[in-house]
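**Student:** model the following, please.
(chains A and B)
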Amino acid sequence: EVQLVESGGGLVQPGRSLRLSCAASGLTFSRYEMNWVRQAPGKGLEWVSYISTSGSTLYYADSVRGRFTISRDNTKNSLYLQMNSLRAEDTAVYYCATGAYYYDSGSSSPNFDYWGQGTLVTVSS
Amino acid sequence: QAVVTQEPSLTVSPGGTVTLTCGSSTGAVTSGHYPYWFQQKPGQAPRTLIYETTNKHSWTPARFSGSLLGGKAALTLSGAQAEDEAEYYCVLSYSGVRWAFGGGTKLTVL
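**Tutor:** Residues are numbered from 1 along each chain as shown, chains lettered A, B, ... in the order given. Next up, the predicted model:
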């Protein structure tokens, strides 16, 4: 059974930092591209960031570029999101979600097949 | 950054048919935007229903289908059931693996 388990959320003051983790099991993590997606309370989904399988290619939403850093450790089957200079508008549930999986044949699986249950980040003084 | 638009809310009668749409501020939505559709119920993570415009997962009920319609991506529900009441989101790809979600459609089955 595939499981993605986020952790590291909590209450943090504006301007401070927080690091989220996503622990993956039941899948070959190193072959999946990965994403972070967030959802502010009562609001819609917002794509935050993407990382390639090797970690060499990174993309960010305009709203977090320069403040957030995505990374991964394939030896630990883990995905991370370092969040700096946090703002009230970063308050949200943060989900990790799989991207594409690339087969040896070169074909790929769909994106967003698997999601974690999310971790809540609250930015408030 | 592109803006993806969805109907804020729709209502469908039990057994009825409804179509949700997903538009892009940059122009017509095409298969090159690789549209996905998600269902989200309160307190739950999103679940993918449709990927890359028309494709269903093994867990996707047959009553859901995806298409392109009038320059938008579309999700059609035929034979609505009470359990289909949920929030539905689309997402479009811009420049590869950069994604933009729509604001969501709250679907009421009534």
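
**Student:** for the rest of this, base every contact and every neighbour count on C-alpha atoms.
**Tutor:** OK.

**Student:** just give me the neighbour total for residue 9.
**Tutor:** Let's take chain A. Residue A:9 has 18 neighbouring residues, counting by other C-alpha atoms under 10 Å in any protein chain shown.

**Student:** the intended chain is chain B.
**Tutor:** Close neighbours of residue B:9, defined as other C-alpha under 10 Å, add up to 13.

**Student:** for it, which non-adjacent residue is spatially closest?
**Tutor:** Ranked by C-alpha to C-alpha, 6 or more residues apart in numbering or on different chains and with sequence neighbours excluded, the top spatial neighbour of residue B:9 is residue B:106, at 4.5 Å.

**Student:** with residue A:82 instead?
**Tutor:** Nearest in space to residue A:82, with sequence neighbours left out and distances taken as C-alpha to C-alpha, 6+ apart, is residue A:19 at 4.4 Å.

**Student:** which is the next helix or strand following the host helix or strand of the one you found?
**Tutor:** Using DSSP states H and E, residue A:19 sits in strand A:18-25. Once strand A:18-25 ends, the next helix or strand along the chain (criterion: DSSP H and E) is strand A:32-39.

**Student:** what lies in contact with the following helix or strand past that following strand?
**Tutor:** Moving toward the C-terminus from strand A:32-39, the next helix or strand (DSSP H and E) is strand A:45-51. Strand A:45-51 is contacted from outside by A:33-39, A:57-61, A:64, A:70-72, B:89, B:97-104, using C-alpha atoms under 8 Å, 6 or more residues apart in numbering or on different chains.

**Student:** can you flag the buried ones in these?
**Tutor:** Neighbour-count burial (16 or more other C-alpha atoms under 10 Å in any protein chain shown) applied to those gives A:33-39, A:58-61, A:64, A:70-72, B:89, B:97-104.

**Student:** filter the residues you listed down to just the ones in helices.
**Tutor:** Per DSSP state H, helices hold no members of the buried ones among the contacts of strand A:45-51.

**Student:** returning to what we had before: sheet-wise, list the partners of the helix or strand the residue nearest to residue B:9 falls within with their directions.
**Tutor:** Counting by DSSP H and E, the element that carries residue B:106 is strand B:105-109. Strand B:105-109 pairs in its sheet with strand B:9-12 (parallel), strand B:86-94 (antiparallel), by DSSP bridges.

**Student:** low-confidence ranges in the chain?
**Tutor:** I'll assume chain A. Of all residues in chain A, none has pLDDT under 70.

**Student:** which residue packs closest to the residue nearest the centre of chain B, ignoring adjacent ones?
**Tutor:** Closest residue to the average C-alpha location of chain B: residue B:37 at 3.8 Å, with C-alpha atoms, centre = their mean. Distances taken as C-alpha to C-alpha, 6+ apart put residue B:90 closest to residue B:37, at 4.5 Å, once the chain neighbours are dropped.

**Student:** pretty sure the one you found contacts residue B:38?
**Tutor:** Yes: contact criterion C-alpha atoms under 8 Å: residue B:90 and residue B:38 qualify, at 6.2 Å.

**Student:** between those two, which is the more surrounded one?
**Tutor:** Each of residue B:90 and residue B:38 has its neighbours counted (other C-alpha under 10 Å); residue B:90 has more, 30 against 20.

**Student:** and residue B:83, its phi and psi?
**Tutor:** Main-chain dihedrals, residue B:83, degrees, to the nearest 10: phi -70, psi -10.
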